[in-house]
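Trainee: All I have is the shape, not the residue letters:
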């Protein structure tokens, strides 16, 4: 599992933010941590950077599915489809995404208003993910 999906990078970013008294880096470090924390609930992560198997509740995949992931992925034309379809078809995950977006906008507005323009990067990235999701959905439905 990748170290990038652990809390270690968020701690490093947060430390730099505190050393350089940078609200931008502090917010980035907190946002990174929140991202990793939320990921522990959907698929599981390498939370502390030392796990060989995904850590967390893994609400979007059962233990049986995780143990037989190769067989399950073989049923899809594109393996990534399993993960995207499971993620974007889950109403709880969508609600969490909307809540986190609102919290992100509110936090930046109150804590680092001069960096509000960075939020505009979120929308093209979200659009990219949704385009990929709809393409995968279309491919899998054929």
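Mentor: Arrived safely. Keep in mind that what you see is a predicted model, and the values were worked out from it rather than measured.
Trainee: worst-scoring helix or strand of the protein, pLDDT-wise?
Mentor: Ranked by mean pLDDT, DSSP states H and E, the helix or strand of the chain with the weakest confidence is helix 91-111, at a mean of 86.
Trainee: ok and whatever helix or strand comes next after it relative to helix 91-111, angle-wise?
Mentor: Counting by DSSP states H and E, the next helix or strand C-terminal to helix 91-111 is helix 122-141. Here the directions of helix 122-141 and helix 91-111 differ by 170 degrees (axes from the mean of the first three to the mean of the last three Cα atoms, to 10 degrees).
Trainee: And helix 122-141, how far out from the chain middle?
Mentor: Helix 122-141 sits 15 Å away from the centroid of its parent chain (Cα atoms, centre = their mean, to the nearest Å).
Trainee: cool, and stretch 41-49?
Mentor: On Cα atoms, centre = their mean, the centre of stretch 41-49 falls 10 Å from the chain's centre.
Trainee: Contacts for it, please.
Mentor: Contact with stretch 41-49 is made by 1-3, 5-8, 36, 39-40, 51, 53-61, 83, 87, 93, as judged by Cβ atoms under 8 Å, 6 or more residues apart in numbering. (Glycine included, C-beta is placed from N, CA and C.)
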